[in-house]
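**Q** the following comprises the amino acid sequence and a computationally predicted model.
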Amino acid sequence: MTTQFRRRLTSAGASRWSWLCPWAAVALAAAVLALWGLAWWSALLAALLLVCPALLLWGLFVVRLDPLTASEPAPATHGILMNWAAPFYDGGCRAMGLGRGFRLETLEHAALRAGERVLDVGCGTGVLTRLAAEAVGPTGQVLGIDPSRRMIAVARRNAERTGSRAEFRLAAVEALPFAEASFDAVLASAMLHHLPPELKRSGLAEVYRMLRPGGRLLAVDIDRPANRLWWLLIWPLRLMPETAPNLRGEVPAYLREAGFERIEVRGRRAGWLSYWLAFKPQA
Ligand SMILES: C[S@@+](CC[C@H](N)C(=O)[O-])C[C@H]1O[C@@H](n2cnc3c(N)ncnc32)[C@H](O)[C@@H]1O
């Protein structure tokens with residue numbers, strides 16, 4: 001891959017490794033078909049025939065989404081973006097058992113109250129953001145931010161479709177475009193494991209700055225797996241700088257370093273996620 005092509009991919013919000021995905025999908029489909037009994041060359045041909053239309057459909061989705069954020073500048077970040085996954089992200093979450101039940105449990109731990117001002121950092125398609133907007137009611141305000149154009153495009157489209165009052169902006173957690181101490185609560189759902197260590201530090205410092213004294217952060221993210229089976233299933237994540245600190249159980253240390261106090265583990269989910277509630281001290 002030429003440097004120029006790599007640069008174009010990255011400036012479009014794709015990760016350095018995005019170009020590998022279609023080939024990985026073809027290889028996986030071919031391997032499954034070969035194991036199923038097809039000769040390797042017919043397995044490869046069938047895999048190409050299966051994967052190409054799927055990619056075409058995905059491309060059509062993406063082309064429809066792009067105009068929704070085209071006029072806004074997208075922030076540069078070293079966090080892992082999910083542009084490519086935006087069209088089918090919600091379905092993927094539900095398939096992994098992270099559907100509505102997971103969102104409602106998250107909100108229960110955040111204990112949002114009517115009239116509160118809430119920020120959802122790394123909001124993705126905005127499922128949690130929309131539910132948070134319902135929780136704070138018409139007197140409250142909920143803003144979702146994400147640096148991924150397509151995530152924000154899907155979030156806005158869904159908010160409009162459902163008549164939600166949640167608002168969405170293109171922004172990165174390490175450079176939040178809001179006034180200091182302007183939120184009662186911040187939500188960070190499955191976002192911290194997308195940040196390399198230096199961004200976990202600067203992102204959490206920004207979240208701390210945004211909160212009013214006594215305000216709270218509810219983070220739910222990957223933690224040390226609860227048992228050996230989960231260790232086996234998710235050990236490859238130890239190889240990535242973004243996820244390795246989570247698997248070493250270092251999230252509370254990052255929260256403390258940002259200045260948070262009273263860091264409580266509120267619960268666990270699925271053997272590999274934890275909920276943390278952390279407070280900014282009263283002035
Ligand atoms: C796994 S998704 C979680 C989305 C959503 N919060 C949820 O619970 O479904 C992680 C999100 O973090 C976003 N992200 C990556 N780098 C970020 C950064 N520097 N600041 C804020 N969000 C970031 C990605 O674009 C992606 O939408």
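**A** Good, I have the coordinates. Numbers count the residues shown, from 1 in each chain.
**Q** flag the shaky bits of the stretch 1-150 of the chain, pLDDT-wise.
**A** Per-residue confidence for the stretch 1-150 of the chain (pLDDT under 70) gives these ranges: 1-19, 63.
**Q** and the contacts of whichever strand or helix holds R266?
**A** Remark: R266 resides in strand 261-269, with elements defined by DSSP states H and E. Strand 261-269 has contacts (C-beta atoms under 8 Å, 6 or more residues apart in numbering) with 102, 105, 109, 218, 220, 223, 226, 252, 255-256, 274-281. To be clear about C-beta, it is placed using only N, CA and C from the backbone, and glycine gets the same treatment.
**Q** repeat the analysis, applying 10 Å as the threshold.
**A** Residues external to strand 261-269 that are found in contact with it (C-beta atoms under 10 Å, 6 or more residues apart in numbering): 97-98, 101-102, 105-106, 108-111, 216-220, 223, 226, 251-253, 255-256, 273-282.
**Q** any bit of that strand sitting next to the ligand?
**A** No - when contact is scored as C-beta under 6 Å from any ligand atom, no part of strand 261-269 falls within range of the ligand; the minimum is 12.0 Å.
**Q** so which bits of that strand are buried?
**A** Of the residues in strand 261-269, those with enough neighbours to count as buried (16 or more other C-beta atoms under 10 Å) are I263, R266, R269.
**Q** check the gap between the first one and A253 for me.
**A** Taken as C-beta to C-beta, to the nearest Å, the spacing of I263 relative to A253 amounts to 9 Å.
**Q** swap in the last one?
**A** Shown here: R269 relative to A253, a distance of 21 Å by C-beta to C-beta.
**Q** picking up where we left off before, mind listing the strands the strand holding R266 pairs with, and their directions?
**A** Partner strands and pairing direction for strand 261-269 (DSSP bridges) are strand 273-279 (antiparallel).
**Q** buried residues in the strand it pairs with, which are they?
**A** Neighbour-count burial for strand 273-279 flags L273, S274, Y275, W276, L277, A278, F279 (criterion: 16+ other C-beta under 10 Å).
**Q** who are the contact partners of the last one?
**A** For F279, the contacting residues are L211, P213, G214, G215, R216, L217, L255, F260, E261, R262, I263, E264, by C-beta under 10 Å, 6+ apart.
**Q** most widely separated two among the residues you listed?
**A** Farthest-apart pair in the contacts of F279 is P213 and E264; separation 18.1 Å (C-beta to C-beta).
**Q** of all the buried residues of strand 273-279, which comes closest to R117?
**A** Nearest to R117 among these, counting by C-beta to C-beta, is F279 at 16.3 Å.
**Q** neighbours of the residue of the chain found nearest the ligand, how many?
**A** Distances from the chain to the ligand, computed as C-beta to the nearest ligand atom, single out G79 as the nearest residue at 2.2 Å. G79 has 24 neighbours, counted by other C-beta atoms under 10 Å.
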